[in-house]
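In: Just need the structure, nothing else, for what follows:
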Amino acid sequence: MSASYEVRDGIAVITMNNPPVNGLGFANRVGIADGLGKAAADPAVQAVVLTGAGRAFSAGADITELDGPKALAEPNLLTLIKMVETSSKPVVAAIHSICMGGGLELALACQYRVASPGAQIGLPEVKIGVIPGAGGTQRLPRVLGVETAMNMIVTGEPVKSELLASLPGQKLIDKMIDGDLMAGATAFARGVAAVRPLPSVRDLKVKHPNPDAYVQFVRNMVKGMSKNFPAPLACVEAVAASLKAKTLDDGIAEELRIFKGILLSPEARALRHAFFGERAASKIPDVPESTPQREIKAVGVIGAGTMGGGITMNFLNAGIPVTMLEMKQDALDRGVATIRKNYEAQVKKGKLKQDKYEQRMALLTTTLSYDDLKAADLIIEAVFEEIGVKETVFKTLDAIAKPGAILASNTSTLDVNKIAHFTKRPQDVVGMHFFSPANVMKLLEVVRGADTAKDVLATVMTVAKKIKKTAVVSGVCDGFIGNRMIEQYSRQAGFLLDEGCTPSQVDKAIEKFGFAMGPFRMGDLAGNDIGWAIRKRRAVEYANLKYSKTADLLCELGRFGQKTQAGWYDYQAGKRDAIPSAVVEQMVVDHRKELGITPRKISDEEIVQRLVYALVNEAAHILEEGIANKASDIDMIYLTGYGFPLFRGGPLCYADTVGLYNVVLTMNRFAQNPLDDAAFWKPAPLLAKLAAEGKSFT
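Out: Reported below is the predicted structural model:
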C-alpha cells in the first residue's frame, strides 16, 4: 500500500501505510515522493509532518524487495532521502512504536524529529548480514556521537526514544511528545515553519577526541567476536568513514561501496534466508491466517522429567497456567525442584526478577490424577518414547479430556497417526516435538497427522509464538524432518569411524565447519541409549538399513554419554568437557580388525561433505514426499534445533551456495566407496532434477 496525504491547517501530513510495519517498498516510496511534491507546490502548506500508520513509523526497507528490481526502482530510498533533505519546507518526522533501518535513515534526512515515549529506534541491518545503505552510518554519528552510533550499528540493537533523547548533546530527537503524537507533531511543525535557514544533519560535524585509537580498539574487539560474520566489521569500517570523509556525500559513497560489497556475500544471503524462513515457517499452504482458533487458557503436561519440566516452563513464562501430572509423588517433587532450580539460577544472574519467578511458580499445579486435566484446553504428553506407553496415555486422555481439547504428543520419532487413533478424536491430536532443553531450544516441530484438524494446527502455531518458539510443520514419517535427516548424518559418522576416523576427528571437522557440536559429542549429550533403542526398532522395521556397529558396541559397554560419565568420550563428575577415550579408540580399532578394514587417512573436507550432503539428500526426499512444505522450513529446523551454522543458512541454503551440480558430483563419488551405503548416495529425484536444470532449492 502507498502513503496517504492530507493538509491540516497549513501542515501537510504524509502517512506511510504499508502494513504491518510500513516497509519502504516501491509503492510506499512513490506515495511519499508524491506527497512531498504536492506540499512543495501548495502555497498554503507551511511545513510537512511525516509519520506511519498503525504499529510503526517505519521498520525500513521492504526486504521482500531486497534482491529484486523494485529495491532500486526510482524513487529509491536514496532519492527519497535527498528529496526530504532538500525540501524547501521543513519536514518533521513524527516517530512512534518502531523506527528502524531505512525508516530511521529517512527520519535522519528530515529537518526535525519528534518522538513518542517507548519508540524502538535502531539500525538492525547487521542482523541480516549487511550494513545500513542509505546514509545511516554517516548521519547517526552526527546526531548521537560516534561511540553511541557505533554501538547501535554494530549490534543492530534498538534503543528506546526516551533514552536517546536524554543523552547529553544528542541532536536526534528535537522534542519528546507525551499524549497525542500527531497533535504534538503538527503543533511543533507550525512552531518551526518560518525558521530559516532550515537545519540539516549533513551540516553537523563528526568528532572524537582520539578517532584512530578508538576505531582500532572497536575493530579488534568486533573482529574477535564476529568470527564467521563479515557484517559487524563492515559496520565498523563504514562508521569509521564518517570520521575520515571530508563531506557527508564522500562518506555515503564509501558506505555504499561497502554495502554493495557485502550484499551478495554467502553470509548475507544465509542470514536473509534465515530471516525470511522464520517468518515463512508459520505459513501453511492450506491453512489460511483467517482459520478460526481454539482458546488455550489452561495447559496440562504429562511427565515431570527433563522434557516435561522444560515444556512446562515455556507456558509458565508466557503466563499460561499448567497442571503437571506424574505417576509418583517423588518424580513430581523432583520435577518441581528442577523448575525452581532453573528459575533461581535466572534470578541469581539478574535475568529474572524475584516477583516474576513467584508469579510463574504460582501458575503451576501438580497432580497424580488424570482427572485434574479435565479442564485443560491443551494437553501435552512427555512420557517414555515407546508406543505402548503412548497408547496407555492417549486412551486415558480420550476418556477424561473435555471435548475440543487439543491432545499433543512430544514424540520425536513415533507414528502420530497411530497415536491419534488410540483415541476416538484423531482430529484433535497433533505432534508437538520440543527439543531438549525444552525451556531453551527455539525449535518446535509441529507434526500434522492425517486427521489433524486445521483449527488445531492454526491454534498450535499461534501457541508456539506465545511461548517464543519457531514452529515448523512436518508431515508424519519415521523421525519427522529433523530426526529423519540426523539419522543419515549419524550413519555417515559411524561409517567414517569404520574407515579410519576417531570420534574427535569427526567432531572437530564439523565444528570447524560451524556446527555447535559434532555427532559424537551430540550423542553423548542426548544419551547414546536413545539412538540404540531406535536402531533396535529399525532392525525389525528396516532390516536392510546398513549401520556401523560401533554405536551398538559402545552401548553394550554401558557408555551412554554424559549421564554415565562415559560415552564416545570420557567425562569428569560435574563437568561437560569431552575427553578423548582410549577405551573407545581401542574398541574402534578392534572392530576394524574384525571387519578386515585397513584404516585410511580421511580429510576434513570429506568428513564435512559426507555429513552435510547426507542431510541434503535426505532433505530432498522429504521435500519431494511433501513431509516438509518448503526448503526454508527444513533449514529453519536445522538452524534452530540442530546447531547448523547460521552463517551458512541451513543444509539446503548451503547446498545452493556450493551448487547442486557440484553436490551431485560429489555424492556420485561417495557411492563408489564399498564401505559406505551406495544406495543412499543415489541423488534424490528432486535433487537430481534441480541439479540437471541448473536450479536451486531456495
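In: Double-check residue 379 against residue 299; I have them as touching.
Out: Yes. Counting by CB atoms under 8 Å, residue 379 touches residue 299, with 7.3 Å between them. Where C-beta positions appear, they are placed from N, C-alpha and C, glycine not excepted.
In: Looking at residue 63 now. What's its pLDDT?
Out: We have a pLDDT of 67 for residue 63.
In: Repeat that for the one 10 residues further on.
Out: Listed pLDDT for residue 73 reads 86.
In: and it, what is it in contact with?
Out: residue 26 (CB atoms under 8 Å, 6 or more residues apart in numbering).
In: now it: how far from residue 65?
Out: 8 Å (CB to CB, to the nearest Å).
In: Overlap in contacts, the two.
Out: Counting by CB under 8 Å, 6+ apart, the shared contacts of residue 73 and residue 65 are residue 26.
In: Tell me how many other residues surround the closest residue to residue 126 other than its chain neighbours.
Out: In this structure, residue 126 finds its nearest non-sequential neighbour in residue 156, 4.2 Å apart by CB to CB, 6 or more residues apart in numbering. Residue crowding around residue 156 was assessed by other CB atoms under 10 Å; the count is 20.
In: from memory residue 156 sits against residue 127, does it?
Out: Yes. The criterion here is CB under 8 Å, and residue 156 meets it with residue 127 at 4.5 Å.
In: what residues do the two have in common as contacts?
Out: Common contacts of residue 156 and residue 127 (CB under 8 Å, 6+ apart): none found.
In: residues in contact with the one helix or strand in the chain whose mean pLDDT sits lowest?
Out: Within the chain, no helix or strand scores below helix 528-541, which has a mean of 81 by mean pLDDT, DSSP states H and E. Helix 528-541 has contacts (CB under 8 Å, 6+ apart) with 385, 413, 478, 487, 490, 523, 545, 547, 551-552, 554-555, 559-561, 567-568.
In: how about residue 504, what does it touch?
Out: 520, 569, 578, 580.
In: Filter these down to the buried ones.
Out: 520, 569, 578 (16 or more other CB atoms under 10 Å).
In: Residue 51 belongs to a strand, doesn't it?
Out: Yes. Counting by DSSP: H, G, I helix; E, B strand; the rest coil, residue 51 is part of a strand.
In: for the closest residue in space to it that isn't next to it in sequence, helix, strand, or coil?
Out: For residue 51, ignoring the flanking residues on the chain, the nearest one in space by CB to CB, 6+ apart is residue 94 at 4.0 Å. Three-state call for residue 94 (three-state DSSP): strand.
In: Next, work out how far apart residue 94 and residue 140 are.
Out: 19 Å.
In: Okay, now the unreliable bits of the stretch 251-400 of the chain?
Out: By pLDDT under 70, the stretch 251-400 of the chain contains no weakly predicted segment.
In: and if you look at the stretch 51-200 of the chain?
Out: Looking at the stretch 51-200 of the chain by pLDDT under 70, you get 63-64, 66-67.
In: For it, which segments count as strands?
Out: Assigned by DSSP state E, counting those that start in this stretch, the stretch 51-200 of the chain shows strands spanning 91-95, 98-100, 112-115, 120-122, 159-160, 175-176.
In: would you list those strands in a markdown table and tack on mean neighbour count and distance to residue 80?
Out: Putting the strands of the stretch 51-200 of the chain into a markdown table (neighbours: other CB atoms under 10 Å; distance: least, CB to CB, whole Å) gives the following:
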| stretch | mean neighbour count | distance to residue 80 |
| --- | --- | --- |
| strand 91-95 | 28 | 11 |
| strand 98-100 | 25 | 15 |
| strand 112-115 | 26 | 16 |
| strand 120-122 | 23 | 19 |
| strand 159-160 | 16 | 24 |
| strand 175-176 | 16 | 24 |
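In: is it possible to export the ones you listed to TSV including distance to residue 6?
Out: Below are the strands of the stretch 51-200 of the chain laid out as TSV (distance: least, CB to CB, whole Å):
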stretch	distance to residue 6
strand 91-95	14
strand 98-100	21
strand 112-115	18
strand 120-122	26
strand 159-160	29
strand 175-176	22
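In: Which one of those lies nearest to residue 283?
Out: Checking the strands of the stretch 51-200 of the chain against residue 283 by CB to CB gives strand 98-100 as the closest, at 21.9 Å.
In: any idea how far the closest one is from the chain center?
Out: 20 Å (CA atoms, centre = their mean, to the nearest Å).
In: Make a ChimeraX selection of whichever of the contacts of helix 528-541 turn out to be buried.
Out: Selecting only the buried entries of the contacts of helix 528-541 in ChimeraX, with 16+ other CB under 10 Å as the criterion:
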select :385,413,487,490,523,547,551,552,554,555,559,560,561,567,568
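In: now, which of the contacts of helix 528-541 lie within helices?
Out: Among the contacts of helix 528-541, DSSP state H puts 487, 490, 523, 551-552, 554-555 in helices.
In: Restricting to C-alpha, output stretch 140-147 in PDB.
Out: Extracted in PDB, the C-alpha atoms of stretch 140-147 (Å, rounded to 0.1, in the frame of the first residue of the first chain):
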ATOM      1  CA  LEU A 140      23.700   8.700  13.100                       C
ATOM      2  CA  PRO A 141      27.200   9.600  14.300                       C
ATOM      3  CA  ARG A 142      26.400  13.200  13.500                       C
ATOM      4  CA  VAL A 143      23.400  13.300  15.800                       C
ATOM      5  CA  LEU A 144      24.400  10.800  18.600                       C
ATOM      6  CA  GLY A 145      28.200  10.900  18.500                       C
ATOM      7  CA  VAL A 146      30.500   8.200  17.200                       C
ATOM      8  CA  GLU A 147      30.500   5.900  20.200                       C
END
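In: Which strands or helices does the one helix or strand residue 521 maps to pack on?
Out: Following DSSP states H and E, one finds residue 521 within helix 519-526. Counting contacts by 3 or more CB pairs under 8 Å, 6 or more residues apart in numbering; DSSP states H and E, helix 519-526 packs against helix 482-499, helix 503-513, strand 569-570.
In: For the first one, give the mean pLDDT please.
Out: For helix 482-499, mean pLDDT rounds to 96.
In: buried set for it?
Out: 482-499.
In: and which of the ones in helices among the contacts of helix 528-541 is nearest to residue 664?
Out: So of those, ranked by how close each gets to residue 664 (CB to CB), first place is residue 487, at 21.4 Å.
In: The closest one and residue 481 touch, don't they?
Out: No. Judged on CB under 8 Å, residue 487 makes no contact with residue 481 at a distance of 11.5 Å.
In: if I pick the closest residue to residue 177 other than its chain neighbours, what's in contact with it?
Out: Leaving aside its sequence neighbours, residue 177 sits nearest to residue 184 (CB to CB, 6+ apart; 3.5 Å). Contacts for residue 184 (CB under 8 Å, 6+ apart) come out as 94, 114, 175, 177-178.
In: one more time with 10 Å
Out: 49, 94, 114-116, 175-178 (CB atoms under 10 Å, 6 or more residues apart in numbering).
In: Between its first and last residues, how far does stretch 674-684 reach?
Out: End-to-end distance for stretch 674-684: 20 Å, by CA to CA, to the nearest Å.
In: Repeat that for stretch 634-650.
Out: Using CA to CA, one end of stretch 634-650 lies 8 Å from the other.
In: Please apply the same query to stretch 444-459.
Out: Distance across stretch 444-459, first residue to last, is 14 Å (CA to CA).
In: ok, residue 229 - contacts?
Out: Residue 229 touches 126-127, 129, 222, 265, 267-268, 270-271, 646-647, counting by CB under 10 Å, 6+ apart.
In: for it, phi and psi?
Out: The phi and psi values for residue 229, taken as degrees, to the nearest 10, are phi -110, psi 110.
In: quick one: it and residue 265, what's the gap?
Out: Counting by CB to CB - residue 229 and residue 265 are separated by 10 Å.
In: Overlap in contacts, the two.
Out: Common neighbours of residue 229 and residue 265, using CB under 10 Å, 6+ apart, are 129, 271, 647.
In: Nothing else from me, thank you.
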